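In: only geometry, no sequence info:
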């Protein structure tokens, strides 16, 4: 078989991915249907058990909440970055990206210190008399959401700025000239035009959130357990590798399906002329 | 295929590669592993010339992956005793060479064909004196939200301890604990579930109590000992303290088995055990060790609190580990 032109140079990379990604994934799949005995019983156990289903549901719930909150926080920031003078915008970008260079665990522990009952936020609020009992900000969905939104923000802001910058500012001026209020201009011009960016960033955040481990493990409670933590538990402490592999494979399939959706959306964006 | 998978996993996970004459000791990190390094590894290396590399934390999944793949990078591992009994049954451990490791003085409670004791410890009730008014007297007080409000912290993982505590608090006599009545235990735990903060590791338990984030908790006595040494304002009740043990094992196919056996001999020797017990507050598993310890260090050990002490049943746990774990995590996730 002749390789299409240019693909020959990719051979080392393809071999590497094949050996260190495709083969292990296939081994994972194989283990999920052979350990401890051949058959689909691992999948049946996962899908037929209330606890595991709750963890699946919870994983999607957390990912959805995180995605929505991230969009809400990221949009104004992205809009500011898009209309800022370029020099100032690049400084702001630097600050946003800098946070990504700090170790994830360190950042999550920092949130623990801030959010716990005796933490900075609760103490400050109690000192100024806003509350008399500490707010439950950690070991629950609130803690997981705060911690994860913070980590996901750059992944939302960056694609969104690209989309927003591509929008012709004249469209907004035209809307104003035609008598649209700022809110109408936002809802009927800016928002529809920025949807591809929101969709692309949103899907990226959603997919990344599905597999998150450290932040939910440290900031969440046991009733907010997500899939990644459950898999770690099955593999590390229960040594139930068959079940763990099946759970990992289901997560992989869902993630890949969503990724395919994202590719189509991004492709669609290109098809409409770069908006 | 299984081998390929396990091989890749082990390859990815292995962080330490040892030279031929070196060996790798793996434990749980924190103040405990520090004490093990100082009391066992350093003197052993000086005496034998065998360099002991430290790795951690102990991870049963990694251990199994290494054994399955036939690529074992750990020579001696500190594990919980119920795991050791189960792992020996599953063929994951080398038998101990008792020609190299003198057995005569080892506490038979913590010695098996595949493990020698590392240390034994007690779960005790500890509290932050700044947050708790009064002196909780026993496990039942941890379930009394009216008398003792506040968050309480328990060990997160399915392991001997919390189930027993719930049953004792519910009035089950100590000699009637086993077989464990799981329904009754979970029902009791349900009454305080929303006030539980789980700790996953020793350092976390110390942080929770020292900061007052949790008012009280079920802690390893060595971690309370370390808090007291640091001057933290903690109280402790030894009433119905629950003993369990860590043991040292050699994974099947360990590359430096001879060095590992020599290390075990040093670690379980009266001197090694005495030094470690003095540094950690955990009890020695060598019956001759206490003679080598200062009197005030002996007073801090679980051995000084044998009245009302309850031995957690490691054999029961080894036999029922998986079944209990399934219910435990299902209950936690609810």
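Out: On my side now, so go ahead. Bear in mind that the values here come from a model prediction, so they are computed numbers and not experimental data.

In: any idea whether residue A:129 is helix, strand or coil?
Out: Assigned by DSSP: H, G, I helix; E, B strand; the rest coil, the conformation of residue A:129 is coil.

In: I'd like to know how many residues surround it.
Out: Using other C-beta atoms under 10 Å in any protein chain shown, residue A:129 has 7 neighbouring residues. All C-beta spots, glycine's among them, are computed from the backbone N, C-alpha and C.

In: residue contacts, it?
Out: By C-beta atoms under 8 Å, 6 or more residues apart in numbering or on different chains, the contact set of residue A:129 is empty.

In: Got phi/psi on it?
Out: Note on residue A:129: backbone dihedrals following degrees, to the nearest 10 are phi 80, psi 20.

In: Which residues of the stretch 151-300 of chain B lie near chain A?
Out: B:151, B:156, B:157, B:158, B:197, B:198, B:200, B:211, B:212, B:213 (C-beta under 8 Å from any C-beta of the partner chain).

In: Quick check, the residue in the stretch 51-200 of chain B closest to chain A?
Out: Relative to chain A, the nearest point of the stretch 51-200 of chain B is residue B:61 (3.8 Å; C-beta to the nearest C-beta).

In: Show me what stretch A:197-213 is in contact with.
Out: Contact partners of stretch A:197-213, identified using C-beta under 8 Å, 6+ apart, comprise A:59-60, A:62-64, A:66-67, A:70-71, A:74-75, A:78, A:148, A:152, A:155-160, A:162-164, A:226-229, A:232, A:251, A:254-255, A:258-259, A:261-262, A:265-266, A:269.

In: next one: stretch B:279-293
Out: Under C-beta under 8 Å, 6+ apart, the answer for stretch B:279-293 is B:31-32, B:35, B:38-39, B:105-107, B:110-111, B:116-122, B:220-222, B:224-226, B:245, B:268-274, B:276-278, B:298, B:300-303.

In: Can you list the buried residues in that stretch?
Out: B:279, B:280, B:281, B:282, B:283, B:284, B:285, B:286, B:289, B:290, B:292, B:293 (16 or more other C-beta atoms under 10 Å in any protein chain shown).

In: Just the ones of these in helices?
Out: Mapping the buried residues of stretch B:279-293 onto helices (DSSP state H) picks out B:279, B:280.

In: Please enumerate the helices of chain A.
Out: A:11-17, A:23-34, A:41-48, A:50-83, A:86-101, A:104-115, A:120-127, A:141-166, A:169-177, A:182-185, A:191-210, A:214-219, A:227-236, A:241-271.

In: so what does the helix or strand that contains residue B:245 touch, helix or strand wise?
Out: Using DSSP states H and E, residue B:245 sits in strand B:234-249. Counting contacts by 3 or more C-beta pairs under 8 Å, 6 or more residues apart in numbering or on different chains; DSSP states H and E, strand B:234-249 packs against strand B:76-80, helix B:81-89, strand B:116-128, helix B:162-169, helix B:221-229, strand B:310-311.

In: Quick one: closest of these to residue A:169.
Out: Closest to residue A:169 of the helices and strands packed on strand B:234-249 is strand B:116-128 (C-beta to C-beta; 58.2 Å).

In: which helices and strands does the closest one pack with?
Out: helix B:202-211, strand B:216-220, helix B:221-229, strand B:234-249, helix B:257-267, helix B:270-280.

In: before we move on, the earlier item: mind listing the strands the strand holding residue B:245 pairs with, and their directions?
Out: Its sheet considered, strand B:234-249 pairs with strand B:76-80 (antiparallel), strand B:116-128 (antiparallel), strand B:310-311 (parallel) by DSSP bridges.

In: okay if I get those as a markdown table plus mean neighbour count and mean pLDDT?
Out: Formatted as a markdown table, the strands paired with strand B:234-249 follow (neighbours: other C-beta atoms under 10 Å in any protein chain shown; pLDDT from 0 to 100):
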| stretch | mean neighbour count | mean pLDDT |
| --- | --- | --- |
| strand B:76-80 | 26 | 96 |
| strand B:116-128 | 26 | 96 |
| strand B:310-311 | 16 | 94 |
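
In: rewinding a little: tell me the one among the buried residues of stretch B:279-293 nearest to chain A.
Out: Ranked by distance to chain A (C-beta to the nearest C-beta), these are led by residue B:282 at 22.0 Å.

In: The closest one - nearest residue in space that isn't next to it in sequence?
Out: residue B:119 (3.9 Å; C-beta to C-beta, 6 or more residues apart in numbering or on different chains).

In: who's the one you found bridged to?
Out: Counting by DSSP bridges, residue B:119 is bridged to residue B:246.

In: Just confirm it contacts residue B:274, I think it does.
Out: No. Between residue B:119 and residue B:274 there is no contact under C-beta atoms under 8 Å: 11.3 Å.

In: any idea how the chain splits into domains?
Out: Just going to use chain A. Domain assignment of chain A by automatic domain parsing yields the ranges A:1-34, A:46-271.

In: Not quite, go with chain B.
Out: Split by automatic domain parsing, chain B gives B:2-120+B:246-305, B:121-244+B:311-333.

In: can you put those domains in CSV and add distance to residue A:35?
Out: Formatted as CSV, these follow (distance: least, C-beta to C-beta, whole Å):
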stretch, distance to residue A:35
domain B:2-120+B:246-305, 8
domain B:121-244+B:311-333, 14
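
In: looking at the ones you listed, which one has the lowest mean pLDDT?
Out: Mean pLDDT is lowest for domain B:2-120+B:246-305 out of the domains of chain B, coming in at a mean of 89.

In: quick one: that domain to chain centroid distance?
Out: 12 Å (C-alpha atoms, centre = their mean, to the nearest Å).

In: what does chain A put close to chain B?
Out: Counting by C-beta under 8 Å from any C-beta, chain A sits next to chain B at A:20, A:23-24, A:27-28, A:30-31, A:34-35, A:49-51, A:54-55, A:116-118, A:139, A:217, A:221-223, A:225, A:230, A:233, A:235-241.

In: Which ChimeraX command selects the buried ones in those?
Out: Buried members of the residues of chain A next to chain B, defined by 16+ other C-beta under 10 Å, are picked up in ChimeraX with:
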select /A:24,27,28,30,31,35,51,54,55,116,117,118,139,217,221,222,225,230,233,235,236,237,238,239,240,241
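
In: gap between the most centrally placed residue in chain A and chain B?
Out: Among the residues of chain A, residue A:205 comes closest to the average C-alpha position under C-alpha atoms, centre = their mean, at 2.5 Å. Applying C-beta to the nearest C-beta, to the nearest Å, the value for residue A:205 to chain B is 24 Å.
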